[in-house]
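> The following comprises the amino acid sequence and a computationally predicted model.
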Amino acid sequence: MSFIPYSLTRPLLFGMDPEAAHDFTMNFMAKGQNTLLQKAWERPLISDPIELAGLKFPNRVGMAAGLDKNARCIDALAAMGFGFVEVGTVTPRPQPGNPKPRMFRIPEKKALINRLGFNNEGLDAFLANVRRSQVRASGAPMLLGLNIGKNATTPIEEATSDYLKALDGVYPHADYVTVNISSPNTKNLRALQSDEALDALLGAVAERREQLATQHGKRTPVFVKIAPDLDEEQVSVIAATLQRHGMDGVIATNTTISREAVKGLQHAEETGGLSGAPVLEASNQVIRQLRSALGSRFPIIGVGGIMSGVDAVSKIRAGADVVQIYSGLIYRGPELVSESAHAIANMR
């Protein structure tokens, strides 16, 4: 069996409810990974290495968090040719997320809206899945990011406790850890991006990371994922806070709450985070502002709206070092991974 063009499978998936299509795909990949079935979506790994935050990325295209919240499909995603895969967001305790329906397509704009709300099986199940990854056990070059968040029922003033519990659990298993403070789907979560709250959270994370580095004999980089709905002053304050607490990088950006680009279309007024093509420029603008504020050496992972190799290159030109895709994978399929990796490797 050789790979199946995504153009043949997309009509089937787009004929289903978006979350049902997502669950079907993840179940299929979880069952098929490391078997002959994997050839249906397998793609070669494009070599375009870069060193960042003390890590060697085999190429500059990664899978963004949110697709594989429970780390069930690490090997399946690795087979698509990603240089790095980020899984989660995981919370300390299992939680169902927000009521359904909670995922909506806006195909006219190659966009998605979701209000999933960190639905996941909890830290213990997540780590068991990470340990089962054959790619990880094989020593393959693909890097693994583990993305952590807070439980919905944890009061925002106690959020730090959840992040530290999750950090303790994922630290020894991650190539890097992402602190997600930018999902719009957990009540008050984005308040953690404000000056004092961010300062307190990252101070606690930095202190715990030092303890964990000593305990495990390795220093795991910590990245922070931020929203696109920030003005230049907010970006500047966040940049200074990241540097003050010795964070290793920033992921820009999560989904947007803006509906400007999809106004008047079906589902446009659904609550949640908008992702896909409409987020490209907003994300690139935050990346440009971050690069200006952080200087040339601070690692930036650019994510949001990549639907083509040209879009991936635009993120690098805006100031990102590496990029991640998510909604583009749903609209374009695995072909987008190699297309983006080739485009970045060949950019002048």
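It's in. For clarity, every value in this text was computed on a predicted model and none was experimentally measured.
> can you list contacts of stretch 201-220?
In this structure, residues lying in contact with stretch 201-220 by Cβ atoms under 8 Å, 6 or more residues apart in numbering are 54, 159-160, 163-164, 167-168, 171-172, 174-177, 179, 181, 192, 222, 224, 241-242, 244-247. C-beta here means a position set from N, CA and C on the backbone, and glycine is covered the same way.
> Could you rerun that using 7 Å?
159-160, 163-164, 167-168, 171-172, 174, 176-177, 179, 192, 222, 241, 245-247 (Cβ atoms under 7 Å, 6 or more residues apart in numbering).
> List only those of these flagged as buried.
Using 16 or more other Cβ atoms under 10 Å as the burial test, those include 159-160, 163-164, 167-168, 171, 174, 176-177, 179, 192, 222, 241, 245, 247 as buried.
> So which of those is the closest to E335?
Checking those against E335 with Cβ to Cβ, the nearest one is Y176 at 26.5 Å.
> re the thing from before, now intersect the buried ones among the contacts of stretch 201-220 with the strands, please.
Among these, the subset assigned to strands under DSSP state E consists of Y176, V177, V179, V222.
> helices or strands up against the least confident helix or strand in the chain by mean pLDDT?
For the chain, using mean pLDDT, DSSP states H and E, the weakest element among its helices and strands is helix 134-138, scoring a mean of 91. With contacts taken as 3 or more Cβ pairs under 7 Å, 6 or more residues apart in numbering; DSSP states H and E, helix 134-138 sits against helix 74-78.
> could you give the angle of the helix or strand just after the helix it packs on to strand 176-180?
Sequence-wise, the next helix or strand downstream of helix 74-78 (DSSP states H and E) is strand 84-90. Put simply, strand 84-90 runs at 40 degrees to strand 176-180, going by axes from the mean of the first three to the mean of the last three Cα atoms, to 10 degrees.
> tell me which strands and helices strand 84-90 is in contact with?
Applying 3+ Cβ pairs under 7 Å, 6+ apart, we find strand 84-90 packed against strand 61-63, helix 74-78, strand 143-148.
> Return the closest of the buried ones among the contacts of stretch 201-220 with respect to L146.
A174 (4.1 Å).
> Contact partners for the closest residue in space to that closest one that isn't next to it in sequence?
Counting by Cβ to Cβ, 6 or more residues apart in numbering, A174 lies nearest to L146, which is 4.1 Å off, once chain neighbours are set aside. Counting by Cβ under 7 Å, 6+ apart, L146 touches V87, G88, V170, H173, A174, V177.
> Just send the residues you listed back as a markdown table, with pLDDT and distance to V310 too.
Formatted as a markdown table, the contacts of L146 follow (pLDDT from 0 to 100; distance: Cβ to Cβ, whole Å):
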| residue | pLDDT | distance to V310 |
| --- | --- | --- |
| V87 | 98 | 27 |
| G88 | 96 | 29 |
| V170 | 98 | 34 |
| H173 | 97 | 35 |
| A174 | 98 | 31 |
| V177 | 98 | 31 |
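> Out of these, the closest to P228 would be?
G88 (19.4 Å).
> Identify the residues contacting the closest one.
Contacts of G88 (Cβ under 7 Å, 6+ apart): A65, K69, L146, N147, I148.
> low-scoring stretches of the chain, by residue?
1-2 (pLDDT under 70).
> which helix of it spans the most residues?
Longest helix of the chain, by residue count under DSSP state H: helix 195-216.
> Just want the angle from that helix to strand 143-148.
Between the axes of helix 195-216 and strand 143-148, defined by the same axes, to 10 degrees, the angle is 130 degrees.
> coming back round to it: the residue nearest to A174 pairs with what?
V87, V177 (DSSP bridges).
> circling back: counting neighbours, which of the contacts of G88 comes out on top?
I148 (30 neighbours; other Cβ atoms under 10 Å).
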